[in-house]
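# output the structure for:
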Amino acid sequence: VFQTNLTLLTWAGILCCLMWSGSAQQGGSDCIKANAKSCGECIQAGPNCGWCKKTDFLQEGEPTSARCDDLAALKSKGCPEQDIENPRGSQRVLENREVTNRKIGAAEKLKPEAITQIQPQKLVLQLRVGEPQTFSLKFKRAEDYPIDLYYLMDLSYSMKDDLENVKSLGTALMREMEKITSDFRIGFGSFVEKTVMPYISTTPAKLRNPCTGDQNCTSPFSYKNVLSLTSEGNKFNELVGKQHISGNLDSPEGGFDAIMQVAVCGDQIGWRNVTRLLVFSTDAGFHFAGDGKLGGIVLPNDGKCHLENNMYTMSHYYDYPSIAHLVQKLSENNIQTIFAVTEEFQAVYKELKNLIPKSAVGTLSSNSSNVIQLIIDAYNSLSSEVILENSKLPKGVTISYKSYCKNGVNDTQEDGRKCSNISIGDEVKFEINVTANECPKKGQNETIKIKPLGFTEEVEINLQFICECLCQGEGEPNSPACHDGNGTFECGACRCNEGRIGRLCECSTDEVNSEDMDAYCRRENSTEICSNNGECICGQCVCKKRENTNEVYSGKYCECDNFNCDRSNGLICGGNGICKCRVCECFPNFTGSACDCSLDTMPCMAGNGQICNGRGTCECGTCNCTDPKFQGPTCEMCQTCLGVCAEHKDCVQCRAFNKGEKKETCSQECMHFNMTRVESRDKLPQPGQPDPLSHCKEKDVDDCWFYFTYSVNSNSEASVHVVETPECPSGPDIIPIVAGVVAGIVLIGLALLLIWKLLMIIHDRREFAKFEKEKMNAKWDTQENPIYKSPINNFKNPNYGRK
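Below is the predicted model:
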């Protein structure tokens with residue numbers, strides 16, 4: 001069993017090594033397929049590719065690209081670890097301020113730019129192609145964070161009753177927002193429609209007063225900034241109170257023009273780098289890009305600020321912005337939008353909300369009486385969710401997110417960008433993975449930014465690409481090692497100047513196809529160029545590559561390979577050696593043309609510790625039995641032989657007890673072993689000693705059992721240990737046997753008599769019962785006998801009694 005297990009373990013180890021080697025070479029195949037001519041090209045082939053800069057690393061006939069391979073493969077080919085170029089990516093944090101911990105009402109009043117909600121703020125990533133760099137980003141929603149809120153209202157005639165409620169909004173909203181932040185500012189703007197037909201009536205009377213009847217309305221306008229952001233609620237009430245309703249012809253309004261100007265005119269509106277809220281209040285739909293054609297306006301919106309005296313002056317010149325354009329500008333300026341619309345248009349604006357990140361929709365009552373609660377609810381909804389976005393990524397760079405939110409909620413892919421249900425003071429983390437899949441053409445650094453939507457803070461990431469090896473900077477231009485200065489010697493190889501080729505740049509491109517050069521690529525007495533396994537370049541063979549990258553041609557004439565050696569069990573060199581130039585170089589303990597002959601003698605070890613039981617030779621791990629009587633894997637099986645015990649039984653008996661068949665010839669035939677007497681079986685040698693040992697139990701001529709052991713030491717000296725007193729069985733006790741037999745006979749006789757008596761009683765009872773039954777049946781009445789005739793006859797005189 002031990003031998004079998006050992007053999008299995010040996011084969012398992014060999015298979016594991018082969019599997020590891022195969023997987024390592026498979027991983028390295030991408031490196032080889034890259035056909036890299038320089039170290040820089042090599043490390044861009046994959047994160048596991050390395051370049052061997054050892055000068056004499058290549059075999060004859062191998063191309064320069066053979067220096068690029070999997071790291072393990074390079075080591076196995078004899079490249080020292082210190083000569084392998086394998087630069088790795090890294091990261092370095094440049095700015096890492098801790099997130100701010102402060103509470104509302106604190107004595108210390110910080111400026112908005114002094115409050116930190118995201119960490120780190122700036123870092124550098126060195127990226128190698130295919131190797132991701134991962135860093136953690138922490139976000140904590142700060143308490144008492146400043147808020148700027150701009151109220152943008154539709155002043156078309158249908159919003160007349162709403163305006164009355166908004167006039168007192170400033171001070172009331174201030175009081176409510178003080179519960180959230182101590183630094184709150186509010187502003188107001190209004191919009192109606194583009195001032196061209198068919199959106200409004202352009203008759204002089206309608207331009208002065210677009211309303212009908214005796215209604216006093218202000219002239220139509222596109223967008224007006226009534227009040228820039230201010231912390232004075234009373235001023236809001238005062239200026240809004242002076243506003244008047246206007247009017248237009250169609251139902252959709254020009255609100256998108258107004259939103260665009262509010263987003264891009266930061267200086268006029270007064271936006272700070274704090275939480276920016278835009279409340280858009282209307283009871284109608286909206287025009288968007290393309291609708292301007294109805295008024296003859298075809299120029300796309302340019303997304304720039306056109307406010308003069310707080311009025312939008314280019315509404316007649318530029319079309320409405322598109323939804324995508326609005327999304328871009330709102331995101332760039334970190335503005336979160338709250339759509340306060342009536343029930344009738346809820347469905348439309350909810351669809352719009354799905355297209356604009358960090359936006360919310362609230363239901364506005366018919367007269368805007370619930371606008372304060374709507375704003376509070378929408379703000380809580382927006383601020384309870386953080387969504388990360390990144391700037392445009394350079395070509396070939398990818399980014400992925402994994403979120404670690406409250407209550408152990410983790411997400412990846414698109415959901416990994418966001419966390420919901422965040423309260424003030426909560427801290428969440430994101431794991432961000434940045435990977436470069438290719439190097440930029442010029443290798444220049446790039447910068448990307450990551451920020452939470454609706455917040456001004458951001459993380460700046462400087463990307464530095466590892467596209468060259470360190471040893472390339474140590475290269476020697478016009479090196480003598482490259483054929484008298486025809487190339488740069490770097491990383492152990494020549495990088496040829498333009499117009500030069502060859503491993504040492506020894507040829508010009510004009511000489512490549514010269515027939516004179518081909519002569520140097522033919523073996524003696526051969527017409528084949530490079531043995532038909534390569535190309536002749538500059539008078540030197542460059543061996544071709546096979547589809548299987550593990551199979552390689554080599555040699556001066558590409559006459560060698562590592563896959564045409566003898567095979568055993570379907571494996572090259574039996575899996576026990578390396579094929580070099582079509583000849584197997586066997587691992588230790590293996591020999592033969594296919595390394596299929598094992599020099600290990602353990603499989604030949606017999607149970608007695610002798611190789612092939614001392615009756616054969618061990619050849620390639622298999623016993624060749626020289627004694628024809630013995631066979632089996634270790635020459636231990638003999639069909640016609642006695643066992644060890646039976647073979648030495650007579651000699652032990654004659655020497656130990658002076659009896660047996662060899663008693664007379666004991667001194668001549670039985671002196672080939674040393675004998676030792678012991679008192680009991682416990683004193684016999686036990687298994688575990690160095691010499692092979694056999695325990696024996698045999699019968700002597702007197703039918704007594706005697707015990708002995710037989711062993712052979714390393715010097716082939718036999719030793720016998722025998723118990724000095726045989727175990728003889730005692731004679732039988734006659735009296736108990738006779739008494740037992742007599743008692744048995746008597747008991748059996750009595751049992752038989754009792755059985756016979758019982759049977760007779762049963763039989764008599766059955767017969768008596770039968771008699772009784774017949775007796776009962778024999779009692780019948782004579783008058784009922786059908787054959788009985790009475791002897792008495794009666795006669796009567798017929799005339800008796802006549803008168």
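
# which stretches of the stretch 451-600 of the chain aren't confidently modelled?
Applying pLDDT under 70 to the stretch 451-600 of the chain flags the ranges 511-517.

# going along the chain, name the strands of the stretch 51-200 of the chain.
68-70, 84-85, 90-95, 118-119, 122-128, 133-140, 147-154, 184-191 (DSSP state E, counting those that start in this stretch).

# could you do the stretch 651-800 of the chain as well?
673-678, 693-699, 705-712, 718-723.

# and Ala606, which of the ones you listed is closest to it?
Ala606 lies closest to strand 705-712 among the strands of the stretch 651-800 of the chain, at 11.4 Å (CB to CB). To be clear about C-beta, it is placed using only N, CA and C from the backbone, and glycine gets the same treatment.

# wait, Phe184 sits on Arg175?
No - with contact defined as CB atoms under 8 Å, Phe184 and Arg175 do not form a contacting pair (10.1 Å).

# neighbour-wise, which of the two wins?
More crowded of Phe184 and Arg175, by other CB atoms under 10 Å: Phe184, with 20 against 10.

# about what we covered before: return the most buried member of the strands of the stretch 651-800 of the chain.
Stretch with highest mean neighbour count among the strands of the stretch 651-800 of the chain: strand 705-712 (a mean of 21; mean count of other CB atoms under 10 Å).

# okay, the angle between that strand and strand 673-678?
130 degrees (axes from the mean of the first three to the mean of the last three CA atoms, to 10 degrees).

# what's strand 705-712 packed up against?
The contact analysis (3 or more CB pairs under 8 Å, 6 or more residues apart in numbering; DSSP states H and E) places strand 705-712 against helix 644-657, strand 693-699, strand 718-723.

# show me how far the longest one is from its chain's centre.
Just to be clear, that refers to helix 644-657. Chain-centre distance of helix 644-657: 70 Å, with CA atoms, centre = their mean, to the nearest Å.

# and the contacts of that helix?
Helix 644-657 is contacted from outside by 641, 659-663, 666, 669-670, 672-673, 675, 677, 694, 696-698, 700-701, 706, 708, 710, 720, 722, 724, 726, using CB atoms under 8 Å, 6 or more residues apart in numbering.

# report the buried residues of that helix.
For helix 644-657, the neighbour count (16 or more other CB atoms under 10 Å) marks 644-645, 648-657 as buried.

# what's the angle from it to strand 673-678?
70 degrees.

# what mean pLDDT does helix 644-657 get?
Per-residue pLDDT over helix 644-657 has a mean of 85.

# got the angle between that helix and strand 693-699?
Using the same axes, to 10 degrees: helix 644-657 against strand 693-699 is 70 degrees.

# in PDB, list the C-alpha atoms belonging to helix 644-657.
The C-alpha coordinates for helix 644-657 follow below in PDB (Å, rounded to 0.1, in the frame of the first residue of the first chain):
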ATOM      1  CA  VAL A 644       9.700 -18.600   4.900                       C
ATOM      2  CA  CYS A 645       8.100 -20.200   8.000                       C
ATOM      3  CA  ALA A 646       7.500 -23.600   6.400                       C
ATOM      4  CA  GLU A 647      11.000 -23.500   4.800                       C
ATOM      5  CA  HIS A 648      12.800 -23.100   8.100                       C
ATOM      6  CA  LYS A 649      10.400 -25.000  10.300                       C
ATOM      7  CA  ASP A 650      12.400 -28.300  10.500                       C
ATOM      8  CA  CYS A 651      15.700 -26.600  11.100                       C
ATOM      9  CA  VAL A 652      14.300 -24.400  13.900                       C
ATOM     10  CA  GLN A 653      12.600 -27.500  15.500                       C
ATOM     11  CA  CYS A 654      15.800 -29.600  15.400                       C
ATOM     12  CA  ARG A 655      18.100 -26.900  16.800                       C
ATOM     13  CA  ALA A 656      15.700 -25.600  19.400                       C
ATOM     14  CA  PHE A 657      14.000 -28.800  20.600                       C
END
